[in-house]
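In: Structure here, sequence nowhere to be found:
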């Protein structure tokens with residue numbers, strides 16, 4: 001049995017368990033993908049038709065990798081010993097598209113349908129608001145879309161919201177009904193529908209269910225801890241009475257509850273399938289003994305989990321470096337210096353990762369890496385390219401340069417203030433010195449006048465106040481702060497990025513008048529230019545900011561599933577990581593933050609750095625910080641405390 005070679009005992013048990021429900025609890029770095037691939041190939045070698053096997057995962061990248069690995073392994077089986085074909089490997093959404101195109105969406109009535117992207121979805125939401133005469137300024141379309149999505153994926157319907165005591169929920173229910181009608185009229189589905197219509201099809205149509213059970217006798221679901229209610233029901237329907245359902249996941253890596261993922265799906269698998277075989281994959285092939293020991297200590301404090309203890313036969317490895325920085329700039333410089341040292345020792349830049357809890361932390365890190373000419377790549381949106389940051393910078397330019405049409409067009413309806421495209425087009429087609437507001441009249445003229453009066457106030461304010469105070473003024477007076485506080489989707493993150501822009505503004509406060517704002521705008525533009533440089537563009541050594549193979553900067557959420565030789569986990573301060581904006585974290589939220597720390601730590605193969613600042617400037621205010629409880633969890637025997645020459649640290653908060 002060639003597909004048992006190179007596997008440990010637990011992996012062999014998973015591969016050899018052929019019939020009935022199977023739960024594979026796979027710890028970080030425990031070779032779960034290898035186990036799934038070998039199990040699929042072993043089934044085929046044992047006589048199962050490849051076309052009778054279904055494997056579902058979450059991302060196209062993961063599905064592609066699994067498919068390629070299965071095909072590669074199948075080539076080692078003599079063709080005479082296996083049935084031609086390959087297993088059906090896809091994401092949940094791709095599986096939904098396949099079934100709905102075959103059997104039809106909307107109660108099997110529509111087989112030819114279009115799939116709405118985010119822009120299309122938002123257009124229909126806005127159209128639904130307008131249908132009821134609702135003002136988008138008072139009813140943020142993206143927040144409505146988010147609530148519809150969360151409710152739909154919890155298998156609720158519009159009537160539940162329509163009967164809610166909360167007025168905002170009732171409006172969302174109303175809009176949801178109209179939005180659904182518009183989709184049906186246009187024979188279109190959004191991303192949520194690809195799953196919702198699939199679960200309706202599987203649960204409500206016996207013919208479809210029978211076809212699926214006849215076609216796929218063996219079902220595999222990867223990353224089962226990330227499934228929501230709809231995906232859980234799809235898996236259950238596909239398993240049918242045969243119950244040959246193999247799910248793979250790790251409750252300790254469940255970090256997406258904000259997306260609707262329900263950790264109980266994996267924790268209660270044995271309740272759903274009492275006859276299930278459970279296999280624990282606890283041997284880690286990725287990290288050193290030191291890293292694994294620290295990870296175990298951290299995650300073992302959680303109670304809502306499947307008990308397991310990672311171990312490894314890898315080397316003991318280096319101690320975990322802990323650096324107590326004076327502030328965020330000292331922290332960033334230390335990290336940049338360590339990156340240089342690692343690269344000089346032969347570490348490839350792309351095998352180094354700098355992880356942070358929230359996006360705003362990237363600003364100081366990017367700046368330090370640029371300053372030290374360390375090649376880097378931000379996974380996600382770079383600080384100065386974030387919409388809300390660019391909006392504030394545009395307000396500054398529009399206030400100072402009233403002929404900057406690009407900036408005026410960007411800010412005139414940001415946040416939404418009822419100035420439509422027709423009004424904007426009319427303004428700029430007829431605007432002149434004699435007619436500063438063009439040929440506008442009525443409500444359009446009033447709204448545009450109010451906007452330009454805001455720009456006048458910003459200009460006047462900036463002449464007698466500092467750069468950081470001017471940025472604060474723009475955030476509040478423009479209405480951005482209010483809009484983002486009301487935005488329950490990503491408003492908090494956007495506010496954090498704006499607060500970081502205020503902090504950056506402090507650096508320019510010593511300049512006189514407009515000079516500071518001008519210098520900020522210049523530096524922001526130059527950094528953006530450097531960030532966008534291509535590795536192959538012939539850039540000089542001072543412009544290495546965006547080399548594709550550079551050090552990776554990303555949030556911990558974005559790092560899940562990845563691994564690096566060297567990992568920096570930054571900002572380990574109470575209130576930042578674990579993250580909390582208001583009240584003390586309790587219960588499920590606290591456990592998820594701890595799981596996030598576990599994910600961060602287990603990204604490291606060889607070397608792990610943990611850093612925090614004794615002082616951090618947030619929204620322009622310097623604040624004394626306390627070390628994260630996660631730092632205190634790691635026993636001293638695994639820790640090596642670091643220092644750097646030239647550090648401004650006047651004191652250290654000892655753990």
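Out: That came through, no problem. Worth saying up front: this structure is predicted, and the values here are computed from it rather than measured. Numbering: from 1, shown residues only.

In: what's the burial count for residue 596?
Out: Number of residues near residue 596 (other C-beta atoms under 10 Å) recorded here: 24. Placement of C-beta: from N, CA and C, glycine included.

In: Correction: the previous question concerned residue 515.
Out: Residue 515: 12 neighbours (other C-beta under 10 Å).

In: Residue 366 versus that one, what's the distance?
Out: 24 Å (C-beta to C-beta, to the nearest Å).

In: again with residue 598
Out: Taken as C-beta to C-beta, the span from residue 598 to residue 366 is 26 Å.

In: Give the pairing partners of the longest strand along the chain; include direction for each.
Out: Determined from DSSP state E, the single longest strand within the chain is strand 604-613. Counting by DSSP bridges, the strands paired with strand 604-613 are strand 320-325 (parallel), strand 564-569 (parallel).

In: Show me which positions of stretch 287-304 end up buried.
Out: Neighbour-count burial for stretch 287-304, counted by 16 or more other C-beta atoms under 10 Å, picks out 287-300.

In: would you turn the strands paired with strand 604-613 into a markdown table with mean pLDDT?
Out: Output for the strands paired with strand 604-613, formatted as a markdown table (pLDDT from 0 to 100):
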| stretch | mean pLDDT |
| --- | --- |
| strand 320-325 | 97 |
| strand 564-569 | 98 |
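
In: low pLDDT regions in this structure?
Out: 1, 137, 431-435, 489, 526-548, 581-586, 645-655 (pLDDT under 70).

In: quick one: contacts for residue 244?
Out: 19, 20, 21, 217, 218, 219 (C-beta atoms under 8 Å, 6 or more residues apart in numbering).

In: so how far is the longest strand of the chain off the chain centroid?
Out: Taking C-alpha atoms, centre = their mean, to the nearest Å, one finds strand 604-613 lying 21 Å from the centre of the chain it belongs to.

In: Cross the contacts of residue 244 against strands and list the overlap.
Out: 218, 219.

In: so which of the contacts of residue 244 comes closest to residue 403?
Out: The nearest member of the contacts of residue 244 to residue 403, counting by C-beta to C-beta, is residue 219 at 62.7 Å.

In: Quickly note the distance from the closest one to residue 552.
Out: Distance check for residue 219 against residue 552: by C-beta to C-beta, it reads 34 Å.

In: Out of these two, name the residue with the larger neighbour count.
Out: Higher neighbour count among residue 219 and residue 552: residue 219, with 24 against 21, using other C-beta under 10 Å.

In: Verify the stated contact: residue 524 with residue 384.
Out: Yes. Taking contacts as C-beta atoms under 8 Å, residue 524 lies within contact range of residue 384: 4.9 Å.

In: For those two, list the residues in contact with both.
Out: Overlap of the contact sets of residue 524 and residue 384 (by C-beta under 8 Å, 6+ apart) consists of residue 393.

In: what about the helices in the stretch 301-450 of the chain?
Out: For the stretch 301-450 of the chain, the helices defined by DSSP state H, counting those that start in this stretch cover 328-344, 362-371, 387-400, 405-411, 421-430, 442-464.

In: closest to residue 90 out of those helices?
Out: Smallest distance to residue 90 across the helices of the stretch 301-450 of the chain (C-beta to C-beta): 32.5 Å, for helix 387-400.

In: What separation is there between the spatially closest residue to residue 111 that is not a sequence neighbour and residue 641?
Out: Spatially, and ignoring its direct neighbours in sequence, residue 111 is nearest to residue 104 (4.6 Å; C-beta to C-beta, 6 or more residues apart in numbering). Going from residue 104 to residue 641 by C-beta to C-beta gives 64 Å.

In: Settle it for me: which of those two has more neighbours?
Out: Shown here are residue 104 and residue 641; by other C-beta under 10 Å, residue 104 has more neighbours (18 against 13).

In: can you give me the strands for the stretch 201-350 of the chain?
Out: Secondary structure of the stretch 201-350 of the chain (DSSP state E, counting those that start in this stretch): strands located at 218-221, 245-249, 277-281, 320-325.

In: so residue 454 touches residue 478, yeah?
Out: Yes. With contacts defined as C-beta under 8 Å, residue 454 counts as touching residue 478 at a distance of 6.7 Å.

In: quick revisit: out of the strands paired with strand 604-613, flag the one nearest residue 80.
Out: In terms of C-beta to C-beta, the element of the strands paired with strand 604-613 nearest to residue 80 is strand 564-569, at 43.3 Å.

In: what's in contact with that closest one?
Out: Residues contacting strand 564-569 (C-beta under 8 Å, 6+ apart): 335, 338, 342, 347-348, 351-355, 552, 556, 577, 597, 600-601, 603-611.

In: After it, which helix or strand is next?
Out: Under the assignment DSSP states H and E, the closest C-terminal helix or strand after strand 564-569 is helix 587-601.

In: Okay, angle between that following helix and strand 604-613 too, please.
Out: Here helix 587-601 runs at an angle of 120 degrees relative to strand 604-613 (axes from the mean of the first three to the mean of the last three C-alpha atoms, to 10 degrees).

In: can you give me the offset of helix 587-601 from its chain's centre?
Out: The chain centroid and the centroid of helix 587-601 are separated by 15 Å under C-alpha atoms, centre = their mean.

In: What's the separation between the nearest residue to residue 45 once chain neighbours are set aside and residue 40?
Out: Spatial nearest neighbour of residue 45, chain neighbours left out: residue 77 (5.5 Å); criterion: C-beta to C-beta, 6+ apart. The gap separating residue 77 from residue 40 is 12 Å, by C-beta to C-beta.

In: out of the two, which sits in the busier spot?
Out: residue 40 (28 against 14).

In: For my notes, confirm the more buried one occurs in a helix.
Out: Yes. Under DSSP: H, G, I helix; E, B strand; the rest coil, residue 40 sits within a helix.

In: Test my guess that it contacts residue 70.
Out: Yes. Shown here, residue 40 and residue 70 form a contact pair, counting by C-beta under 8 Å, at 5.6 Å.

In: what's the overlap in contacts for these two?
Out: By C-beta under 8 Å, 6+ apart, residue 40 and residue 70 have these common neighbours: 55, 87.

In: Report the separation between the closest residue to residue 162 other than its chain neighbours and residue 62.
Out: Leaving aside its chain neighbours, residue 162 sits nearest to residue 173 (3.6 Å; criterion: C-beta to C-beta, 6+ apart). According to C-beta to C-beta, residue 173 stands 35 Å off from residue 62.

In: Compare those two (neighbour count), which wins?
Out: For residue 173 versus residue 62, neighbours defined as other C-beta under 10 Å are more numerous around residue 173 (22 against 17).

In: who touches the more buried one in this structure?
Out: 158, 159, 160, 161, 162, 163, 164.

In: Confirm that it sits in a helix.
Out: Yes. Under three-state DSSP, residue 173 sits within a helix.
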